[in-house]
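**Student:** Below: sequence and its predicted model.
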Amino acid sequence: MKLLIAADMEGISGVVAWDHVSAKHPEYTRFRKMMTADVNAAIEGALKAGADEILVADGHGSGNNILIEDLNPVASLHSGNAAPFAMVQGVGSDVDAAMFIGYHARVGSTPAVLDHTWSSRVVANVWLNGKIIGETGLNAAVCAHYGVPVIMVSGDQTLASEVNKTIPGVETAIVKIATSHQSAQCYSLKESRGRIREASERAVQRLKKGEGPKPYQISKPITVTVELKTSGMVDGSSLIPNVKRLDARRVEFECTDMLHAYHAFRSLVGMTF
Ligand SMILES: [Zn+2]
């Protein structure tokens with residue numbers, strides 16, 4: 001059984017502030033170790049339940065956060081940015097299931113630690129076929145393009161309720177209870193890693209019995225609507241062929257499938273940097 005573990009940083013055990021996940025801040029060195037440990041907990045649970053091949057994708061910022069020297073050597077690690085599949089690099093029809101570790105709620109959620117969608121500087125909101133969506137949904141939809149279900153997610157309680165609505169039947173490991181955008185009641189590391197380990201093990205056991213969640217399919221063609229933070233950002237992005245400006249801050253475009261939608265969305269956000 002081949003598993004993709006896609007990791008972000010905002011929903012990692014103990015993380016409550018942007019300083020914790022910003023590579024230039026002195027606190028960051030502590031939290032990249034915590035990120036590696038949360039991923040290791042997911043790997044341990046999956047191995048216990050019978051997974052035998054594990055790809056880890058480092059999906060936060062530059063993609064250079066997880067410490068390979070501390071990562072369970074059963075897994076291989078994809079590092080760096082910008083790979084064609086970004087946060088879910090490694091996904092393909094040969095992957096049996098995906099897990100999202102250290103994820104966060106979509107922009108505009110509260111209380112939610114570091115809620116945002118793709119870029120806190122650029123993106124005010126995203127909709128697929130008129131339905132509001134966060135990073136979990138976007139990445140789960142890319143996995144579904146290859147028939148891959150997301151079977152387990154870790155983060156705060158608001159991320160867990162978001163993902164329970166998007167992907168019914170998904171296992172969730174809540175590692176902290178958010179109390180605002182940059183505060184949370186964090187479980188001890190022993191407790192939160194135990195939760196991740198157990199949820200991962202349960203998710204793989206259920207997958208083996210054919211009881212896991214279905215891939216998160218978006219019906220085609222896919223209309224992508226993006227609200228950017230400023231009208232100036234839309235001045236540039238609305239010049240792209242087939243991108244229609246709806247109003248000062250929103251653009252819309254139609255895509256044949258989710259892969260096209262993901263790439264177009266990332267290009268549009270990327271050009272505003
Ligand atoms: Zn991140």
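**Tutor:** All right, it came through fine.
**Student:** wouldn't residue 236 be in contact with residue 268 here?
**Tutor:** No: using CB atoms under 8 Å as the test, residue 236 is too far from residue 268 to be in contact (9.4 Å). Where you see a C-beta, it was placed from the backbone N, CA and C, and this is true even at glycine.
**Student:** Neighbour count for those two, which is higher?
**Tutor:** residue 268 (23 against 12; other CB atoms under 10 Å).
**Student:** Pull the contacting residues for the more buried one.
**Tutor:** Residue 268 is in contact with 226, 237, 240, 243, 251, counting by CB atoms under 8 Å, 6 or more residues apart in numbering.
**Student:** ok, so of these, who is nearest residue 199?
**Tutor:** residue 226 (31.7 Å; CB to CB).
**Student:** Paired strands for the helix or strand hosting that closest one, with orientation please.
**Tutor:** Using DSSP states H and E, residue 226 maps to strand 222-228. When pairing is defined by DSSP bridges, strand 222-228 lines up against strand 123-128 (antiparallel), strand 250-255 (antiparallel).
**Student:** How far off centre is that strand?
**Tutor:** Chain-centre distance of strand 222-228: 18 Å, with CA atoms, centre = their mean, to the nearest Å.
**Student:** Alpha carbons only: can I get that strand in CSV?
**Tutor:** Only the C-alpha atoms of strand 222-228 are listed here, as CSV (Å, rounded to 0.1, in the frame of the first residue of the first chain):
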residue,chain,number,x,y,z
ILE,A,222,-14.9,23.4,-13.0
THR,A,223,-15.6,27.1,-12.5
VAL,A,224,-12.9,28.7,-10.3
THR,A,225,-13.7,32.0,-8.6
VAL,A,226,-11.0,33.8,-6.8
GLU,A,227,-11.3,36.9,-4.7
LEU,A,228,-7.9,38.7,-4.3
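**Student:** okay if I get the strands paired with strand 222-228 as JSON lines plus mean neighbour count and mean pLDDT?
**Tutor:** Putting the strands paired with strand 222-228 into JSON lines (neighbours: other CB atoms under 10 Å; pLDDT from 0 to 100) gives the following:
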{"stretch": "strand 123-128", "mean neighbour count": "19", "mean pLDDT": "97"}
{"stretch": "strand 250-255", "mean neighbour count": "18", "mean pLDDT": "97"}
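**Student:** Tell me which of the ones you listed sits nearest to the ion.
**Tutor:** Among those, strand 123-128 comes nearest to the ion, with 12.6 Å by CB to the ion.
**Student:** if we can go back for a sec, mind putting the strands paired with strand 222-228 into CSV with distance to the ion?
**Tutor:** Output for these, formatted as CSV (distance: least, CB to the ion, whole Å):
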stretch, distance to the ion
strand 123-128, 13
strand 250-255, 23
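**Student:** how about these in TSV, adding distance to residue 67?
**Tutor:** TSV is the format used below for the strands paired with strand 222-228 (distance: least, CB to CB, whole Å):
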stretch	distance to residue 67
strand 123-128	29
strand 250-255	36
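**Student:** Of those strands, which is nearest residue 73?
**Tutor:** Per CB to CB, nearest to residue 73 of the strands paired with strand 222-228: strand 123-128, 36.3 Å.
**Student:** now the closest one, how far from the centre of its chain.
**Tutor:** Worked out by CA atoms, centre = their mean, strand 123-128 lies 15 Å from the chain centre.
**Student:** any idea which helix or strand comes after that strand?
**Tutor:** Past strand 123-128, the next helix or strand by DSSP H and E is strand 131-132.
**Student:** Parallel or antiparallel, which strands does that next one pair with?
**Tutor:** Partners of strand 131-132 in its sheet, by DSSP bridges: strand 123-128 (antiparallel).
**Student:** what sits up against the strand it pairs with?
**Tutor:** 106-108, 116-118, 132-134, 137-138, 141, 218, 222-229, 249, 261, 265, 269.
**Student:** Show me the strands in this structure, by range?
**Tutor:** 2-7, 53-58, 75-78, 97-101, 123-128, 131-132, 150-156, 171-180, 183-186, 222-228, 244-245, 250-255 (DSSP state E).
**Student:** so which of the strands paired with strand 222-228 gets nearest residue 213?
**Tutor:** Comparing these by CB to CB, strand 123-128 comes nearest, at 17.8 Å.
**Student:** just the CA coordinates of the closest one, formatted as PDB?
**Tutor:** Extracted C-alpha coordinates of strand 123-128, given in PDB (Å, rounded to 0.1, in the frame of the first residue of the first chain):
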ATOM      1  CA  VAL A 123      -6.100  35.400  -1.500                       C
ATOM      2  CA  ALA A 124      -9.400  36.600   0.200                       C
ATOM      3  CA  ASN A 125     -11.500  33.600  -0.900                       C
ATOM      4  CA  VAL A 126     -11.800  30.700  -3.400                       C
ATOM      5  CA  TRP A 127     -14.800  28.900  -4.800                       C
ATOM      6  CA  LEU A 128     -15.000  25.800  -7.000                       C
END
